[in-house]
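J.: Dropping a prediction and its sequence here:
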Amino acid sequence: MDERLARTLPQLGLRERKKIKTRIAIRAAMYRLMAEQGYEATTVEQIAEAAEVSPSTVFRYFPTKEDIVLTDEFDPFLEEQLRNRPTGEDPLVSLVQVVRDGMRHAHEHGQGEIVLRTKLVLEVPALRARMTETMAETSQVLIRAIADRTGRARDDLELRVFAAAVLGALREALVVWAERGHEGDLMELVDEALGVLRHGLRD
């Protein structure tokens, strides 16, 4: 288990801890099976058996198979980090730093999962479509924190565009990395993509 998540679990109630551990077990089972037999051949019934839960439990935590691949427990951590950035810091600086730190942490502690996830996003149309939706959900989490920090309304158009642009840059860095066969330094691509937001297009 990721040590950052492990530090947070004791702060949660028993019910929430059990829910998170069940989600992690289901996701781990999914990735093990996919590595062995591929995405399409992996069924919810197989995932449930490997995770030692019922198929109905899998669907309760993940409405679709795509959700098992793409969702994680890190949105609350991103929100917390963003809220803890220095008061008065430029929102772009805050958001870029939080997204970069989160991506670096995920890369260091789960590179194999990121490789498989991004490979599948390129290969499975349903995953590409769901990825857009999950990033929109993450965007809402970040918008909430930025709005509270800046005094803007949570439905402010500029704020929505702002958060979507940062997450869009991250998505494109991941896609390019996958398209290149996962060769090269992912974090260099992330920095390059986020740099476009700071500096614009360069000659």
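T.: The structure has been received and is ready for your questions.

J.: Hmm, V98 and Q81 touching each other?
T.: Yes - using C-beta atoms under 8 Å as the test, Q81 is close enough to V98 to be in contact (4.7 Å). Every residue, glycine included, has its C-beta placed from N, CA and C.

J.: Which of these two has more residues huddled nearby?
T.: V98 (22 against 17; other C-beta atoms under 10 Å).

J.: which element is the residue nearest to L82 when sequence neighbours are not counted on?
T.: Beyond its immediate neighbours in the sequence, the residue positioned closest to L82 (C-beta to C-beta, 6 or more residues apart in numbering) is A145, lying 4.3 Å away. Of the helices and strands defined by DSSP states H and E, A145 is found in helix 125-150.

J.: Which elements pack onto that helix?
T.: Secondary structure elements in contact with helix 125-150, counted by 3 or more C-beta pairs under 8 Å, 6 or more residues apart in numbering; DSSP states H and E, are helix 65-70, helix 75-83, helix 91-123, helix 157-179.

J.: buried residues in that helix?
T.: Buried residues in helix 125-150, counting neighbours by 16 or more other C-beta atoms under 10 Å, are found at 127, 130-131, 134-135, 138-139, 141-147, 149.

J.: circling back: against K21, how distant is the residue nearest to L82?
T.: Noted for A145: a distance of 26 Å to K21, by C-beta to C-beta, to the nearest Å.

J.: And for L174?
T.: 27 Å.

J.: Between these two, which is the more surrounded one?
T.: L174 (21 against 13).

J.: isn't the more buried one right up against V115?
T.: No - the criterion here is C-beta under 8 Å, and L174 misses it with V115 at 10.3 Å.

J.: Check what contacts stretch 28-44 and list those residues.
T.: Taking C-beta atoms under 8 Å, 6 or more residues apart in numbering as the criterion, the residues outside stretch 28-44 that touch it are 46-47, 50-51, 55, 58-59, 65, 68-69, 113, 116, 120, 123-124, 127.

J.: okay, L12: pLDDT?
T.: For L12, the pLDDT comes out at 59.

J.: Would you tell me what the next helix or strand after the helix or strand of the chain with the lowest mean pLDDT is?
T.: Of all the helices and strands that make up the chain, the one with the lowest confidence by mean pLDDT, DSSP states H and E is helix 3-8; it has a mean of 48. Along the chain past helix 3-8, the next helix or strand (assigned with DSSP H and E) turns out to be helix 14-37.

J.: Heading C-terminal from that next one, find the next helix or strand.
T.: helix 44-51.

J.: by how many degrees do that following helix and helix 14-37 diverge?
T.: 110 degrees (axes from the mean of the first three to the mean of the last three C-alpha atoms, to 10 degrees).
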